[in-house]
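Visitor: requesting a structural model of the entry that follows:
(2 chains)
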There are 2 protein chains.
Amino acid sequence: MIKSTKRVTAAVPRTDYRSTLSGTDVLEIFYDVYETEDLRAVPEVNIVFLHGTGMTKSIWEWYVKYFHKQIQANPEKYQYKLGKLIAVDQVNHGDSCVANEGKLGSIFHWIDGSKDIIKICDVELNPPKQNSFNVLIGHSMGGHQALGCGILSPNLFQLIITMEPVVKMLNPPSPKKITLLSNNYFNAISNMVQDTFATRDEYEEFMRKRSFWRNSDKTILDTFCDAELIKRGSKFHTKTSKEQHLIGYMCLHPYAYWLIDNLKWIESPVICYVGGKSKWCPPENYQLLQDTIPHYKRIQIDNVDHLMNIENPNVIGPMLLGHITKKLQSASVDELHNNRDQFEPLYKELVATRVVNKPKSKL
Amino acid sequence: MIKSTKRVTAAVPRTDYRSTLSGTDVLEIFYDVYETEDLRAVPEVNIVFLHGTGMTKSIWEWYVKYFHKQIQANPEKYQYKLGKLIAVDQVNHGDSCVANEGKLGSIFHWIDGSKDIIKICDVELNPPKQNSFNVLIGHSMGGHQALGCGILSPNLFQLIITMEPVVKMLNPPSPKKITLLSNNYFNAISNMVQDTFATRDEYEEFMRKRSFWRNSDKTILDTFCDAELIKRGSKFHTKTSKEQHLIGYMCLHPYAYWLIDNLKWIESPVICYVGGKSKWCPPENYQLLQDTIPHYKRIQIDNVDHLMNIENPNVIGPMLLGHITKKLQSASVDELHNNRDQFEPLYKELVATRVVNKPKSKL
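Guide: Residues are numbered from 1 along each chain as shown, chains lettered A, B, ... in the order given. Predicted structure coming up:
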């Protein structure tokens, strides 16, 4: 398996003028692409992974390796192969945050993240290959952005899997419809986020004992800690700055209202994993998704919390693989990019369907 | 003034699987860029022009020359200069239609046209320059697509001017919410559209006497007829095929419902020109725009019909220039891409605004 780290120009302009410090700033977005060689004549599945607030592309490496190992070990069971597996650092996270230093403003409109994903896919997954199939997997804020991709580019992903997607939170009312956090809540979050450390030991101690990620699977946390560390002068830092991390929490509203309003337009099937132990999203969040997304399936997973993707990969990994396998079994010719249409009969059908033998005024 | 004809890859994938004949097809989009040299230290205005169904980029050349001449002749009056003026052939029109032959399917989702415009702007107008300002001008279907750009990329255009934008038509009800046209209406339209001629004279005679464009301004029609002609073997053809032209009329619905649902999210100021003599769009169309677009201004123009842009350039040209000039006079630092923010005070303000001194549960 070959891993390449690449970058593209992020979507320009950003949706809010305060997203960059200068109106002429252009952000960059970093992502990892994992590719394997598999010569079987079977459908090819590309997968894009979107992290939640504070996390980075590195947390998905466990899944990439797991998927690869399972498929390689069971070619009879998995009648498909992996194409490109792409894990992205949002513009204000990880490697992207480092590259965009001095440009990032005080607003992060989550849907700009969806637009960035579409730009990456334009480079990596287009033109689509025959017999290929694209899956989008997003956790928390990344789940929100995955749904945004489903709205903005309806046929880009043939399956969207969200884990604890944050869409509707029970925010206190505010005249400007902005997210309001109580002091207590904000302070509690702030204490779980630090970005500067005197020593590497201090960094490791904080990340493993006091950060949001302290209950992570050891392999995932090891990878994350290694990838997220940067040394500047004598100090150790997380690549994602504390301010940009906290901006994520403060910028759900008013921007999420656009997503909420557009969920009904999502055409891809959406599977939603909900943590049985999680209290991060209120039940109203999942009720909204259930009520508005046309092809929606909720999967409740007992004994996992909001951070199921980093805390319980042994539960989540097999589920993801199972859902991808199942969807592929019923994929249509269109979804696999195998259609080869003839124009004339389609045009005749269009006219036959849309031109009717009645005067307009009487219809 | 230098004119270049360029092309980019259109948005991939298209929004409807029937938009291309093969799932792996990638369309191209052709556009003209007009550039002038003006060394004054004044704001620079870029303008993108979107044609209606059946027309092409060539119809805007009159306006490009008019704007250029007026500004050059009156530098005191026009305290701005022209940057890039871009006129686009939609994927199934003009030069794009020729390039995409054998790939175009039976559906044209109008909003895909908006996505194509955003792709062109990403190449031509990004990164935005300091002291620059983008205007989008669209007629009929192009007006619809201009509004679509306002939704999909809220800060790309600082002013959107639509002429007779087609959004809400009084279609007869249909179970699938598709556009239904009566036989009589469809036949009447079909008779105004021909794409194959035995001789050039036959072509010229049809275009100038019996086509939709027969009442056009002579200069515009001359340019259009020259640009739209293509010879294949012994026959003369319009570049836009008859079928693709008619597909435009048949594909308003169900796709327009997304636009209708999203008009409320348009942040740019929108000016809407309505022809006093036009019966193409019903009054309900303009009432909808008035009711839903936040910054909307309607301008009724007496004695012009739906095709005001090609029939009455002497009326429309000065109005466009006037509205651009006026908007520029009140443009904000953000709209001119001149902002140079400091992160720290903005971040402090964000926290001060969004973190409140009350327990969450009691708010």
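Visitor: my read: A:T238 touches A:K231, true?
Guide: No: using CB atoms under 8 Å as the test, A:T238 is too far from A:K231 to be in contact (11.3 Å). No exception for glycine: its C-beta is placed from N, CA and C like everyone else's.
Visitor: higher neighbour count, those two?
Guide: Using other CB atoms under 10 Å in any protein chain shown, the more surrounded residue of A:T238 and A:K231 is A:T238, with 26 against 11.
Visitor: what pairs with that one across the strands?
Guide: A:L229 (DSSP bridges).
Visitor: just the pLDDT for it.
Guide: We have a pLDDT of 98 for A:T238.
Visitor: any idea how far A:Q244 is from it?
Guide: From A:T238 over to A:Q244 the distance is 10 Å, taken as CB to CB, to the nearest Å.
Visitor: with A:N183 instead?
Guide: Counting by CB to CB - A:N183 and A:Q244 are separated by 21 Å.
Visitor: and for A:K77?
Guide: For A:K77 relative to A:Q244 (CB to CB), the value is 42 Å.
Visitor: neighbour count: these two, which is higher?
Guide: With neighbours defined as other CB under 10 Å, A:K77 and A:Q244 compare such that A:Q244 has more, 27 against 10.
Visitor: beyond whichever strand or helix holds the more buried one, next helix or strand please.
Guide: Counting by DSSP states H and E, the element that carries A:Q244 is helix A:242-250. Scanning forward in sequence from helix A:242-250 by DSSP H and E, the next helix or strand is helix A:256-262.
Visitor: what parts of the stretch 101-250 of chain A come near chain B?
Guide: Remark: the part of the stretch 101-250 of chain A in contact with chain B comprises A:104-107, A:122, A:126-130, A:152-156, A:172-173, A:178-186, A:243, A:246-247, A:250, using CB under 8 Å from any CB of the partner chain.
Visitor: just the buried ones from these?
Guide: Among these, those buried by neighbour count (16 or more other CB atoms under 10 Å in any protein chain shown) are A:104-107, A:122, A:127-129, A:152-156, A:178-182, A:186, A:243, A:246-247, A:250.
Visitor: from those residues, which land in strands?
Guide: Among those, DSSP state E puts A:L181, A:S182 in strands.
Visitor: ok, and for the particular helix or strand that has A:I220 in it, which residues are buried?
Guide: In this assignment (DSSP H and E), A:I220 forms part of helix A:218-228. For helix A:218-228, a neighbour-count test (16+ other CB under 10 Å) marks A:I220, A:L221, A:T223, A:F224, A:C225, A:A227, A:E228 as buried.
Visitor: run the chain-centre distance for that helix.
Guide: The chain centre lies 19 Å from the centre of helix A:218-228; the measure is CA atoms, centre = their mean, to the nearest Å.
Visitor: just give the nearest non-adjacent residue to the closest residue to chain B within the stretch 1-150 of chain A, would you?
Guide: Distances between the stretch 1-150 of chain A and chain B by CB to the nearest CB are smallest at A:G23, namely 3.3 Å. In space, and not counting its chain neighbours, A:G23 is closest to B:H337: 3.3 Å by CB to CB, 6 or more residues apart in numbering or on different chains.
Visitor: mind checking the SS state of that neighbour?
Guide: Classification of B:H337 by DSSP: H, G, I helix; E, B strand; the rest coil places it in coil.
Visitor: wait, it touches B:K129, no?
Guide: Yes: judged on CB under 8 Å, B:H337 makes contact with B:K129 at a distance of 6.7 Å.
Visitor: need the overlap of contacts for the two.
Guide: The contact sets of B:H337 and B:K129 overlap at A:T24 (CB atoms under 8 Å, 6 or more residues apart in numbering or on different chains).
Visitor: which residues of chain A score low on pLDDT?
Guide: Low-confidence segments of chain A (pLDDT under 70): A:359-363.
Visitor: can you give me the strands for it?
Guide: Under DSSP E, chain A gives strands at A:2-9, A:28-35, A:44-50, A:81-89, A:132-139, A:159-163, A:181-182, A:196-197, A:229-232, A:235-238, A:270-275, A:296-301, A:355-356.
Visitor: look up the closest residue to A:C251, ignoring the ones flanking it.
Guide: Excluding the flanking residues, the one nearest A:C251 by CB to CB, 6+ apart is A:F108, at 4.9 Å.
Visitor: in the stretch 151-300 of chain A, which residue sits closest to chain B?
Guide: A:P172 (2.9 Å).
Visitor: so which residues on the stretch 251-363 of chain A come close to chain B?
Guide: A:258, A:261-262, A:265, A:333-334, A:336-343, A:346-347, A:349-351, A:353-360, A:363.
Visitor: can you select the buried ones from those in PyMOL?
Guide: Buried members of those, defined by 16+ other CB under 10 Å, are picked up in PyMOL with:
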select buried, chain A and resi 258+262+265+336+337+338+339+341+343+347+350+351+354+355+356+360
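Visitor: next, the residue lying closest to A:P75 once chain neighbours are set aside: phi, psi?
Guide: Using CB to CB, 6+ apart and skipping residues adjacent in sequence, the residue nearest A:P75 is A:R40, 6.8 Å away. The phi/psi pair for A:R40 (degrees, to the nearest 10) reads phi -60, psi 140.
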